[in-house]
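> below are the sequence and a predicted model for it; my questions follow.
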Amino acid sequence: MSVIVNNITKIYGSQKAVDALSFEVNSGEVLGFLGPNGAGKTTTMKILACFLPQSEGEAIVQGFDVSKDPLAVRKILGYLPEHNPLYLDMYVVEYLRMVASIHRIKNPLGRIDELLEITGLNKESKKKIGSLSKGYRQRVGLAQAIIHDPKVLILDEPTSGLDPNQLVEIRSLIKTLGQDKTVIFSSHIMQEVEALCDRVIILNEGKLVADDPIASLSSRIKGHSILQVAFEKNMDIARLRGLPGVENVSIDQGVFIITSAADTDVRSSVFDLAVGTQNRIQHMQLEEASVEKVFQTLTQKTNKDA
C-alpha cells in the first residue's frame, strides 16, 4: 500500500476534527476526498503531508511513518494546500528555481521548462506571481507540488478559481499524473471527483461515512428517489423517518430531504402526516437521486429538535 491511515484522530480542545479515521490507498490510484466544510478533509491531508501532528493513530506514506520520519515523507510527497501559499513578489520562474533548489533537483532549468509546458504557464513565466489570476496561481502551486516528481501527490481543492478551459486542462493533468502516482484529491464538486477518481471517500464530522470505488458509489444510489418537502410549521423529523419506505431524512435550510426506494412513493404518507399534525406543505418536489443528493444525505446535519 502506498498510503496507510490507521485510526487517525485529531483533537482540538474538546472537538474531534478527525475521529478514528482509517483507509488505505494503492500505488497508481486516484482517491477522491469528499465532505462538507469542517468534515476533516484538510486536517487529514495536513497530517499526511507532515504539516500537522495527529493526536492518535498512525499514518504511513510509502513505508515511512509521518510522525517518526517526516523528512523522508516530504521527499516523496507533493502537496498543494487549499489556501495556496506563494511568494507574491517573486517571478514564476524565480519561485520554481527556489523550490527546485530546496529539492536539490538535477538540471532544474530543464525540469522547470517541462513544468511550464505541462501546467500551461509558459506565457506567464516572466510575470510576478502577485500579478497572476487565481487560476494561474493554482497552476504555480501545482507546479511546485510536482517539481520533484513525487510518488504521492496530495491536492486540496486544486481546481479552485479556474475557468472552464483551465479546469479541463488541469483535470487532464491530474488524470495523467494518477497513472503512475498515488493521488489524494479533495473537492466539494462531486462531478469532478467522479470524473477523475478511481475511488471516493466521504467524510462527515471527522468520521468516514463512505469508502467505495467510483463505479460502486454510482450503482449504490440507483433505485432511490429524493423528496424535498418544506412545511409551514416545525415537523418532528422522527415522524418522517418512521413513515413506511423512508430510508433517510436530513434537513437543508429548513427543507426536509427524504430518501426512499424508487418503487415507494411516500408523498401521500407525508401529506397524511402533515394533515394529522395540523401542518401545511409549502413545497414538495420529487426527483431521482443523483450523486450529489446522496452525498447530501450522507453528510447533511440532522436537526433532532426540528
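Nice, thanks for sending it over. Numbering: from 1, shown residues only.

> which parts of the stretch 101-250 of the chain are helices?
108-118, 134-146, 164-177, 190-196, 214-221, 237-241 (DSSP state H, counting those that start in this stretch).

> who wins for proximity to Asp156 among the ones you listed?
helix 134-146 (10.0 Å; C-beta to C-beta). From N, CA and C alone the C-beta is placed, and that goes for glycine too.

> chain center to that closest one, what's the gap?
Remark: helix 134-146 is offset 18 Å from the chain centroid, using C-alpha atoms, centre = their mean, to the nearest Å.

> check stretch 115-127 too.
So, by C-alpha atoms, centre = their mean, the centroid of stretch 115-127 is 27 Å from its chain's centroid.

> how about that stretch, which residues are buried there?
115-116, 118-121, 124-125 (16 or more other C-beta atoms under 10 Å).

> pLDDT below threshold where in the stretch 201-306 of the chain?
Residues of the stretch 201-306 of the chain that meet the criterion pLDDT under 70 lie in 217-223, 288-294, 297, 300-306.

> and if we set it to 80?
Filtered on pLDDT under 80, the stretch 201-306 of the chain yields the residue ranges 214-225, 261-263, 287-306.

> can you list the domains in the protein?
3-217, 222-299 (automatic domain parsing).

> out of the ones you listed, which one sits most buried?
When you average the neighbours per residue for each of the domains of the chain (mean count of other C-beta atoms under 10 Å), domain 3-217 leads with a mean of 18.

> which stretches in the protein count as strands?
Taking DSSP state E to define them, one finds strands in the chain at 3-12, 15-25, 30-34, 56-61, 64-65, 77-80, 152-156, 182-186, 199-204, 207-213, 224-231, 246-252, 255-261, 281-288.

> give me the contacts around the third one.
When contacts are taken as C-beta atoms under 8 Å, 6 or more residues apart in numbering, the neighbours of strand 30-34 outside the stretch itself are 23, 25, 41, 44-45, 174-175, 178, 182-188, 190, 193-194, 196-203, 214, 295, 299.

> for it, what is the distance to the chain centroid?
6 Å.

> adjacent strands (with direction) for it?
strand 182-186 (parallel), strand 199-204 (parallel) (DSSP bridges).

> residues contacting the spatially closest residue to Pro150 that is not a sequence neighbour?
Excluding its sequence neighbours, the residue lying closest to Pro150 (C-beta to C-beta, 6 or more residues apart in numbering) is Gly78, at 3.8 Å. By C-beta under 8 Å, 6+ apart, the contact list for Gly78 reads 145-148, 150, 152-154.

> can I get the strands of the chain in a markdown table with distance to Arg137?
As requested, those are exported to a markdown table (distance: least, C-beta to C-beta, whole Å):
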| stretch | distance to Arg137 |
| --- | --- |
| strand 3-12 | 27 |
| strand 15-25 | 27 |
| strand 30-34 | 22 |
| strand 56-61 | 26 |
| strand 64-65 | 30 |
| strand 77-80 | 11 |
| strand 152-156 | 14 |
| strand 182-186 | 18 |
| strand 199-204 | 27 |
| strand 207-213 | 32 |
| strand 224-231 | 37 |
| strand 246-252 | 32 |
| strand 255-261 | 36 |
| strand 281-288 | 38 |
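
> nearest to Ala49, of those?
Nearest of the strands of the chain (C-beta to C-beta): strand 77-80, 4.2 Å.

> on that earlier part again, which among the strands of the chain is found nearest to Phe271?
Nearest to Phe271, of those and by C-beta to C-beta, is strand 281-288 at 6.6 Å.
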